[in-house]
Structure formats: C-alpha cells, structure tokens
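1. Fold the following.
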Amino acid sequence: MKTNANASSVLSQYFALSYLLLLINASVFIRQVHYVSFSTYIFAGVVYLTYCFCYIFILVLLFGLLQKILAYHRLPLFCRSPWLIGGLAVVAVAALQMLIYADGIVFKIFGFHFNGFVLNLIFTEGGITSMGSSSATVRSAIATALFFLVVQGAIFLSLMLVPRIKNFCGNFLTGRRLATIVVILTVMVVLQSLTYGLSFFYGYKPVLVVGEAFPFYVPVRFNSIAKKLGFQPPRDASFNMKFSDISLRYPLNPVRQQANHKTYNIVFLMAESLRADMLDPQIMPKTWAFSEKSLRFKQHYSGGNGTRMALFAAFYGLYGNYWFKFLDERKGPLLVDLLMKDNYQMDVFSSARFSYPEFDKTVFSRLPGNDLHDSKDLPEGLAGWQYDRQNVGLMLDFIKGRDKSRPFMTFMFFESPHAFYYFPPENEIRSPYLNEFNYATVDLKKDIQLIKNRYINSCNHLDSQFDRVLKYLEEHSLLDSTIVIITGDHGEEFMEKGRWGHNSTYSEEQTLVPMVLWAPGVSPRQMEKITSHLDIPPTILHLLGVENPPADYSLGIDLLGNDERRFTVVSDWDTIVYVDNEYKAIFPMDVFGNKMVTTKTDIEITNSATFYKTHQSYLVEVMKEMSRFSN
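-> This is a model prediction of the structure:
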C-alpha cells in the first residue's frame, strides 16, 4: 500500500510539473490575443491558466482510473509497477505537449487551429503532400517530438531517482497544496465560463475573441436558460446567417441549348495561390501580353480562401456550403455533364492530387480515371515547377493527338506558386530569397520579404508554362475556336494583414486573383467591376448555347452579359463572407464562430450596426441563395 501511495504521490508531482511546462508551451496562444481592454487581459490570463489545467487534469483523472485498474491483484506483477504507469504518463504528456506545440505553429503561421480542415488534410490522400512539406520540416517535427519525450521522461526519472529533487518536490508539492491549487483553478474554470457566457449574452466582443486564440476551447453559452429566467439580451443589430440542411435539387430546371450551338474548345488554366497583383508585366510578361488581347478582370474574387471552395465555385458557380452535399452524392457540375453530352474529348491535369481536395469525387467524378492525370502518375520527389513542366508537355500531347473532328476540353492545376514556391534558376527575377524553407523554424517577421521573393520567382516560372500553352494554341490556329481561362484558385498573403499564406483570413491578398478570359470574337478590354469565380460556369455555358438563366444552375452571372454584381460571396470550410465595394461581413456556419464586419480593404469596423441596417436585404438574399438548390 505504501508503494502505491508513493507512486501516486510521484505521479501527482509529475503532472504538476508538467502543467508548468505546458504553460510555457501554450504561451504562444496568449501572445496571439488582440488586447483591446483591461478585461481582455484579465480574461485571457484566466483562460490561459485554466485551459492548460483542464488538459492536465483530464490526464490526472484518466491515470488515476488506470492506476486502480492496474492495481487489481490478479494482473501480472509488472502491471502494478510504478515504472509502467510512469512510462505511459510520460508518453501521454509528451503527446499532449507535441499537439499543443504543433497547433501553435499552425496558428502562428496560418491563423487557425486544428479543425475539420486540418483533419481532412491529414487523413485524405495527398493532403499532407499538398502542403509542400519538405524533409527538413519532417526532421524538425521528429526532433521536436523526441525533445518533448526526453524532457518529460527526464522529469519523471528525476522524481523517481534523484533524492534531492524527490525530497524537494515531496516537501513543496504536498498533497494539501496540490489539492488547494486544484480547487483554486477549478473555481477559475467556473468563473471564466460564466464570464464568457455573460459576454456572449450581452455581445461583449473583447472577451469573446479570446477563446478563438486557444485550440479546442469550449465556449459556454446560456442564452436559452437566461431567457427562461426572464433575462433579455440587448437587441442584436447584427444578422445571423442560417440555412437549412441541403438535399440537392440541381439544376432547378431542365437545361435547354440552342439547336446549332457552338462547341468551342476549352482550355482552363488555374494556378495554386496566384494572387491578383502577380499579373504584372515584369513578373508575368507573357501572360500579361495575352491579357492585353483578352478580357482582364481587375476585381475578381475567388470563391474561397482555399483550393477546395475556389475550384468548387469555378466549376459549379455555387457557394461553399453546397460542397459537402455534392461530395456526399458524388455529383459533378452541369458544365462537365454538358461537355460529355456534346461528345467532348477531356483530359485534366494537376501537379498536386485530384484526391485532395476530393475533386475526383466532385468536379471530375464522371470522368474515367484514365482522363485524370496528377502527381501520383509522375516520378516522386519532383519540385512543383518540374511537375508543371511535365504536365504541360502531357497536355500539349493530348491536344496534338486529339480527334480533330470532336471538340476538346482540358484543365490544368499548376503548383509552381504553392509554398515552398518552386522555380528553376533561370526564373530568378527577385533576390535575395529564402533558400531553406522549414515550417518549424521559419521566422516570418525576419524572412517574409525573402519568402515573397521566392513566390515572385515561382510566378515568373508559372508565366513561362502558361506561355507554352498559349503559344501552341496561337501557332496551331486554335484561338479562333477555343475559350481560354487563366486564373488562380485563391490568393496568398505575405503578412500585409498579419498572416502568411491562405486559408486563414479573407483579406484582399488571400481572395483576389487574376482572371483572364479569351473568347473568340470578344473584343479585349479591362473590367473594373467586382466579378467572381461563381461567374465562370454561367459565362462558359452561355457561350456553349445554354438558354437557361444562370439562376437555374448557379449563383453567378454571365461575365459577357449586362448584369453587374452588387456583391459576391467567399467561403471556406465553415464560413460565408459577404463582399461588396465597401464592406466585408464574415458569418460562421457553426455555433462557435464570431461575426465580423470590415471595410473592403480589411479594416475592422467596431460599430457594425449601420452595415447590418443598410445591407439586410442583401444578406437575406445570400441566405436564400445558400438554400436555393435544396429541396
């Protein structure tokens, strides 16, 4: 009994010391809080202390239960050894430390925590590869995991084997003191939960935003209980975005095509992370020259701040909330259906994977597998720019070898501008640039311009590959019978608004992309009005003779028609964002998110009541559109 008591005492002391280490590890989150008032400081401090306590306390309870199970006298003797339970505790706490550390890196760089998007990235084929992880990053991750394991192991061994440390902790971390600390922290947990609940009830945002800085923070809300007790929250001048669960009804009406409609060839070129200002005569001179002969849209928004919703919008013309049901039903877009009906030859290419995001189960779900060519079909270990070059060669081979009696459609997704921003030496137009790119060790404040120089060089290489395709079409007199689209899936930010990369905010840098449209017989010009990826399907389908109004099958407009957008919508995994010429308004699609209104140029508006009052009809329209294609 004494041995078990001693083991329990050592384990309690071990978890107490691990709590202190976890506080150091989790300090990255407290530094990410936007402090706007004294109450923010106080609440953030309390959440910080109790947040780490909750995770350690859960382990304390689990291992207390495990100790009782292993103490069962019929189990083998080694099961009752304090070394077994201690070893398991070391592994468990090291795994927790690694999880918190990894989430801190993700949050610091990208601005979001482990969530459904990240889990999808980890568990979907091609997801990790799509992040461009290098061997240096993998080595750093392994070294960090070993570091936490060694440190946690050293703490336990010191408590077990070093008499001076063992005696000091035994005298200082007594059972009574530990119990007192647990009681104090438990009271703080209750108080911070009540504070959050009251702040949510009264709409006090400086407290609400603190929870967003901590991963897996569980907010407490008791609006319904408060209302039952007779309390009424202040009148909410904002707008709650709600939509019904979706059962697809797409398209809304049978599609009608002109009897003798055109069957233009289609060449659709989309690049990863290509932001709008990269279409520049110095950075992308060949593409710029082609845009001068085409339609160039200067305020063109992606359908998302990540690849999934961006490509979904570009092929379906729908908001991101529809993605999940189309994926569930493995339903392709009307555009591809009509191309197949008109006997198009189709070959599509990606220097990433069609399995991540799941475009092989959505956009191209009806295409035979041998018409989908991605990086898994090419030699392993190539850089993005090398995959792009090989795929362009394969695309040109497809066009050369096609049946010339039939129209063709080809699509390619380019990887050159994806982090780590790949390019060969001949495309170095900006220097110096960051040579070794390691997610775990990169210093964004120090290195961001060097990182951006890499990105610019990669865009210059992308330009050379676009040019290969455009030159072939021109030299073989195909432009008179071919629609050409050149765009990016989404943008890329370089700390202009506080973040690097994409998928983190809805800044102009992350959502504005170049858009070049070549359509036979259409005069070249620049378009200043807001346009969107949502408008691509209606534009192509109109050119192919579809007579239905775009509202029958999309939420976009015909870019060649007379309609103008009053607003557009950008989506991500769980958010809908309204954008017009003055404002952006962010609406979460889950119960834990917070709404926000900014100017179009991303300056937060603290008093958003005016926006909600003057734009309510537009927001209602968006909400209806989110359910237009549902039963």
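
2. quick one: low-confidence ranges for the stretch 301-450 of the chain?
-> Filtered on pLDDT under 70, the stretch 301-450 of the chain yields no residues whatsoever.

3. And for the chain?
-> In the chain (pLDDT under 70), the answer is 1-8, 34-36, 70-80, 108-112, 114-137, 203, 205, 222-247, 590-593, 631.

4. Which segments of it make up each domain?
-> Structurally, the chain divides into domains by automatic domain parsing as follows: 2-228, 265-625.

5. okay, those, which one's buried deepest?
-> domain 265-625 (a mean of 19; mean count of other Cβ atoms under 10 Å). Yep, even glycine has a C-beta here, placed from its N, CA and C like the rest.

6. Quote the end-to-end distance of it.
-> 31 Å (Cα to Cα, to the nearest Å).

7. hmm, back to that, same list (the domains of the chain) but as JSON lines, adding distance to Pro254.
-> Output for the domains of the chain, formatted as JSON lines (distance: least, Cβ to Cβ, whole Å):
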{"stretch": "domain 2-228", "distance to Pro254": "35"}
{"stretch": "domain 265-625", "distance to Pro254": "8"}
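
8. among those domains, which is nearest Tyr250?
-> For the domains of the chain, proximity to Tyr250 was assessed by Cβ to Cβ; domain 265-625 is nearest, at 6.8 Å.

9. what's the spacing between the closest one and its chain's center?
-> 15 Å (Cα atoms, centre = their mean, to the nearest Å).

10. mind starting the numbering at 57 from now?
-> Yes, from this point I'll number from 57; that puts the last item at domain 321-681.

11. could you pull out the helices for the stretch 257-406 of the chain?
-> 261-268, 279-284, 341-348, 363-372, 379-385, 390-397 (DSSP state H, counting those that start in this stretch).

12. Equivalent analysis for the stretch 507-656 of the chain, please.
-> Assignment of helices within the stretch 507-656 of the chain using DSSP H, counting those that start in this stretch yields the ranges 564-567, 592-599.

13. on that earlier part again, of the domains of the chain, which is nearest Leu304?
-> domain 321-681 (5.5 Å).

14. residue ranges of the strands in this structure, please?
-> Here the chain has its strands, by DSSP state E, at 321-327, 351-357, 401-406, 428-429, 464-470, 538-544, 549-550, 556-557, 571-574, 581-588, 624-627, 631-635, 639-644, 652-655.

15. Could you provide these in CSV, with additional columns for distance to His517?
-> As requested, the strands of the chain are exported to CSV (distance: least, Cβ to Cβ, whole Å):
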stretch, distance to His517
strand 321-327, 11
strand 351-357, 21
strand 401-406, 17
strand 428-429, 20
strand 464-470, 9
strand 538-544, 15
strand 549-550, 18
strand 556-557, 19
strand 571-574, 18
strand 581-588, 26
strand 624-627, 28
strand 631-635, 31
strand 639-644, 32
strand 652-655, 34
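
16. of all these, which lies closest to Tyr97?
-> Short answer: strand 652-655, nearest of those by Cβ to Cβ, at 21.2 Å.

17. What helices and strands are in contact with the closest one?
-> Under the contact criterion of 3 or more Cβ pairs under 8 Å, 6 or more residues apart in numbering; DSSP states H and E, strand 652-655 touches strand 639-644.

18. Let's see the strand it packs on as CSV, backbone CA atoms only.
-> Output in CSV follows, covering the C-alpha atoms of strand 639-644 (Å, rounded to 0.1, in the frame of the first residue of the first chain):
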residue,chain,number,x,y,z
TYR,A,639,-17.7,46.1,-46.9
LYS,A,640,-16.9,42.5,-46.0
ALA,A,641,-19.0,40.7,-43.4
ILE,A,642,-17.9,37.3,-42.0
PHE,A,643,-20.6,34.8,-40.9
PRO,A,644,-19.7,31.5,-39.2
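
19. Partner strands of that strand and their direction?
-> For strand 639-644, the paired strands and their directions (DSSP bridges) read strand 631-635 (antiparallel), strand 652-655 (antiparallel).

20. hmm, back to that, quick one: which of the strands of the chain is nearest Gln442?
-> That would be, of these and by Cβ to Cβ, strand 464-470, which comes in at 11.9 Å.

21. what about the strands of the chain, which gets the closest to Leu247?
-> Closest among these, using Cβ to Cβ: strand 639-644, at 25.8 Å.

22. what residue is smack in the middle of this protein?
-> With distances taken as Cα atoms, centre = their mean, Asn559 lies nearest the centre of the chain, 3.5 Å away.

23. Tell me who's in contact with the closest residue to that residue other than its chain neighbours.
-> Nearest residue to Asn559 in three dimensions, chain neighbours excluded: Gly362, at 4.3 Å (Cβ to Cβ, 6 or more residues apart in numbering). Gly362 makes contact with 173, 545-546, 558-559, 628-629 under the criterion Cβ atoms under 8 Å, 6 or more residues apart in numbering.

24. what's the closest of the strands paired with strand 639-644 to Met679?
-> Nearest of the strands paired with strand 639-644 to Met679, taken as Cβ to Cβ: strand 631-635 at 8.8 Å.

25. what sits against Val243?
-> Contact analysis of Val243 by Cβ under 8 Å, 6+ apart lists nothing.

26. quick one: contacts for the closest residue to Met365 other than its chain neighbours?
-> Nearest residue to Met365, sequence neighbours excluded (Cβ to Cβ, 6+ apart): Gly376, at 3.9 Å. With contact set as Cβ under 8 Å, 6+ apart, Gly376 has these partners: 359-360, 364-365, 368-369, 627-629, 632.

27. now Arg331
-> 544, 547-549, 565-566, 568-570.

28. ok, so of those, who is nearest Asp336?
-> Pro570 (9.4 Å).

29. contacting residues for the closest residue to that closest one other than its chain neighbours?
-> Of all residues not flanking Pro570 in the chain, Leu335 sits nearest, at 3.8 Å (Cβ to Cβ, 6+ apart). Contacts here follow Cβ under 8 Å, 6+ apart; on that basis Leu335 touches 343-344, 347, 352, 570, 572.

30. before we move on, what about Val625?
-> 359, 375, 588, 590, 611, 632-635, 678, 681.

31. Would you check how far apart it and Ile80 are?
-> 42 Å (Cβ to Cβ, to the nearest Å).
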